[in-house]
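Q: Please find the sequence and the predicted model below.
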Amino acid sequence: MVRTVDAVVVGAGPNGLVAANALVDAGWDVLVLEEQDAVGGAVRTAETEAPGFRTDLFSAFYPLAAGSPVIRGLHLEEHGLAWSRAPSVLAHVLDDGGSVVLRTEPEDTAAGLEELGPGDGDAWLRMFAGWERVRDPLLDALFSPLPAARPALRLLSRLGVGGTLDLGRLGVLPVRRLADETFRGEGGGLLLTGNAMHSDVPPDAAGSGLFGWLLTMLGQDVGFPVPVGGAGSLADALAARVRAGGGDVVTGTRVERVLVARNRAVGVRTARGELVRARRAVLADVSAPALYRDLVGTEHLPPRLVRDLGRFQWDHPTFKINWALDRPLAWAAGAAHGAGTVHLGVDRRGFVDVAAALSKGEVPARPFLVLGQMTTSDPTRSPRGTESAWAYTHVPHGVRWTEDAVAGQAQRMEDALDRVAPGFRGTVVGRSVQSPADLQAADANLVDGAINGGTSAVHQQLVFRPTPGLGRPETPVERLYLASAAAHPGGGVHGACGWNAARVALAASSRWGTLPRALVRSAWGRLLRDP
């Protein structure tokens, strides 16, 4: 039996579910097919360490979701989503007991920075005022299909030519230079650089300043919120909204092939041999290499795109440990007790050492850790008086994760934590380790543990994402759209990649869509023509 729908969405990660929501809102008959037994992709929760301790298996804090006009516009609170926040947003703790804290109110953050560097409090408030000025048009520009002409004009109108040039310079500024130009003390640089290191862009590289500034300002603006009950609550709310709108979400079903006829996507075939025809579109929330090489097949693609796929660069793999603790962490820096997210392991110079090791393909001897105190952020995550915690770090590609290699990396991470929270190991009542191979096994999009859908470096952003082209969701195959973090604007749970793919699919299917489709096909033809 062949099922026929308006659109098939391959993958029930947040981008796929956002795309499905946009399509059902337009009245389309939508089917979402997910390989895993649960929705969410890298937004899932389980009890893995001990009974009553709920662990976010992948992502956990969602400043991009809280700041995203896409997610906000879905009103997921009507489908069971509630947000929770820790008393403080983020702390960076040092081995000598020092710390800097991103607090809920800008004035409180500024007061702490002022203690570390005279004048840094005012510098922080000026930086945040600049963020508030550009926030709405900037987020609209970042989260819109290219070219984002309307929000770009709003930015130009608001900032003027000089201010727009300053923003453009920020876009390519290394985060270490941004910190040096802005702050006298070390505190502001620790906050900016620690947040920049959530990406895979080295702190001395172009573009790292934008990542650090964006995530830090979002933290000051909306915090680092978590879904009550676990990250999976966000995915569950997205899926519930799809179903409430008449769409269908099916798990445990792997799509094996996108069916192509006359250079047009006409449906999919599952691993069980089931056929689903798509009257209007196929949207893929999968990695770019998986879509083009595995689901479509290179025989349907221009040779230049196949060549460019050979240059696709993944971001650094992630290594993660989850703990069930019988009490809160005993931080030497007391200000870290109320922080949902804690950065540790290195000082500002140590960031450079970590980036250099990764560039050389070496596992950093002293890793930089991002740690989540989940019960501090959401008391439902574990029994009263305990803490559900995790930490992750980046490691290089090419490591063979044998049992000894996994144990060695886990020891390095726990040694770093013991230095700033003495006695930590004595509080552990449950523990699980997720190596890069484990992450990929749990979500095929996390290739070798890369969580960003491809590097965030400038050579693979905008019109270079995922390969040199249009920087848009359209693909060379008509009615097939890339809806994953491999597409612009990239990784992070903001939903924009899925939303953009759905918007373009809807526009192409409209009565006025013939001309835009022809223009896109013409542009693809020129760009992908062999030299």
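A: Arrived safely.

Q: what's around the residue nearest to residue 336 when sequence neighbours are not counted, how many residues?
A: Excluding the flanking residues, the one nearest residue 336 by Cβ to Cβ, 6 or more residues apart in numbering is residue 91, at 4.2 Å. Every C-beta, even on glycine, is put in place using the N, C-alpha and C of the backbone. The number of residues packed near residue 91 is 30, by other Cβ atoms under 10 Å.

Q: sec struct for residue 91, please.
A: At residue 91 the chain is in strand, as set by DSSP: H, G, I helix; E, B strand; the rest coil.

Q: how near is residue 358 to residue 271?
A: Residue 358 sits 35 Å away from residue 271, going by Cβ to Cβ, to the nearest Å.

Q: What of residue 207?
A: Residue 207 sits 39 Å away from residue 271, going by Cβ to Cβ.

Q: Neighbour count: these two, which is higher?
A: Set residue 207 next to residue 271 and count neighbours by other Cβ under 10 Å: residue 207 wins out with 22 against 11.

Q: what's the helix or strand for residue 210?
A: helix 208-222 (DSSP states H and E).

Q: Contacts for that helix, please.
A: Applying Cβ atoms under 8 Å, 6 or more residues apart in numbering, the contact partners of helix 208-222 are 63-64, 66-67, 89-90, 102, 106, 109, 127-128, 131-132, 135, 170-178, 191-196, 198-199, 201-202, 456.

Q: and that helix, average pLDDT?
A: Averaged across helix 208-222, pLDDT comes to 97.

Q: In the chain, where is pLDDT below threshold?
A: 511-531 (pLDDT under 70).

Q: Now with 90, please.
A: 1-2, 49, 141-152, 155-157, 469-471, 509-531 (pLDDT under 90).

Q: Mind checking which residue lies nearest the centre of it?
A: The chain has residue 492 as the residue nearest its centroid, 1.9 Å off, counting by Cα atoms, centre = their mean.

Q: Give me the secondary structure label for residue 198.
A: Secondary structure of residue 198, reduced to three states by three-state DSSP: coil.

Q: Excluding chain neighbours, what is closest to it?
A: Distances taken as Cβ to Cβ, 6+ apart place residue 215 nearest to residue 198, at 6.1 Å, with adjacent residues excluded.

Q: Can you give me the neighbour number for that neighbour?
A: So residue 215, with other Cβ under 10 Å, has 24 neighbours.

Q: what's the answer for residue 116, then?
A: 19.

Q: just residue 425 next, same as before
A: Neighbour tally, residue 425, other Cβ under 10 Å: 13.

Q: got the contact list for it?
A: Listed by Cβ under 8 Å, 6+ apart, the contact set of residue 425 reads 414, 418.

Q: What of residue 409?
A: Counting by Cβ under 8 Å, 6+ apart, residue 409 touches 319, 363, 367, 395, 435.

Q: Among the residues you listed, which one lies nearest to residue 410?
A: Residue 410 lies nearest to residue 319 out of the contacts of residue 409, by Cβ to Cβ, at 8.2 Å.

Q: Wasn't the closest one part of a helix?
A: No: counting by three-state DSSP, residue 319 is not part of a helix but strand.

Q: Next one: the residue nearest to it when sequence neighbours are not counted from residue 69, what distance?
A: Excluding its sequence neighbours, the residue lying closest to residue 319 (Cβ to Cβ, 6+ apart) is residue 395, at 5.0 Å. In this view, residue 395 and residue 69 are 34 Å apart by Cβ to Cβ.

Q: before we move on, what about residue 240?
A: Distance, residue 240 to residue 69, by Cβ to Cβ: 21 Å.

Q: Show me which of those two is the more surrounded one.
A: In this view residue 240 and residue 69 are compared by other Cβ under 10 Å, and residue 240 has more residues nearby, 18 against 15.

Q: these two touch, right, that one and residue 80?
A: Yes: contact criterion Cβ atoms under 8 Å: residue 240 and residue 80 qualify, at 6.3 Å.

Q: you'd agree residue 473 is up against residue 496?
A: No: when contacts are counted by Cβ under 8 Å, residue 473 is not listed as touching residue 496 (10.3 Å).

Q: picking that back up, what sits against the residue nearest to residue 336?
A: Contacts of residue 91 (Cβ under 8 Å, 6+ apart): 99, 100, 101, 102, 333, 335, 336, 339, 341, 342, 343.

Q: Which single one of these is nearest to residue 510?
A: So of these, ranked by how close each gets to residue 510 (Cβ to Cβ), first place is residue 341, at 42.7 Å.

Q: In a strand, that closest one, correct?
A: Yes: counting by three-state DSSP, residue 341 is located in a strand.

Q: excluding its backbone neighbours, what's nearest it?
A: Using Cβ to Cβ, 6+ apart, the closest residue to residue 341 is residue 90 (4.5 Å).

Q: Run through the bridge partners of the one you found.
A: With DSSP bridges as the criterion, residue 90 is bridged to residue 102, residue 341.

Q: quick one: it from residue 177, how far?
A: For residue 90, the distance to residue 177 - Cβ to Cβ - is 22 Å.

Q: of the two, who's got more company?
A: Between residue 90 and residue 177, residue 90 has the larger neighbour count (other Cβ under 10 Å), namely 28 against 14.

Q: Just the strands from the stretch 251-400 of the chain, written as ranges.
A: Using DSSP state E, counting those that start in this stretch, the strands of the stretch 251-400 of the chain run over residues 255-261, 264-270, 275-284, 318-325, 339-344, 369-373, 387-394.
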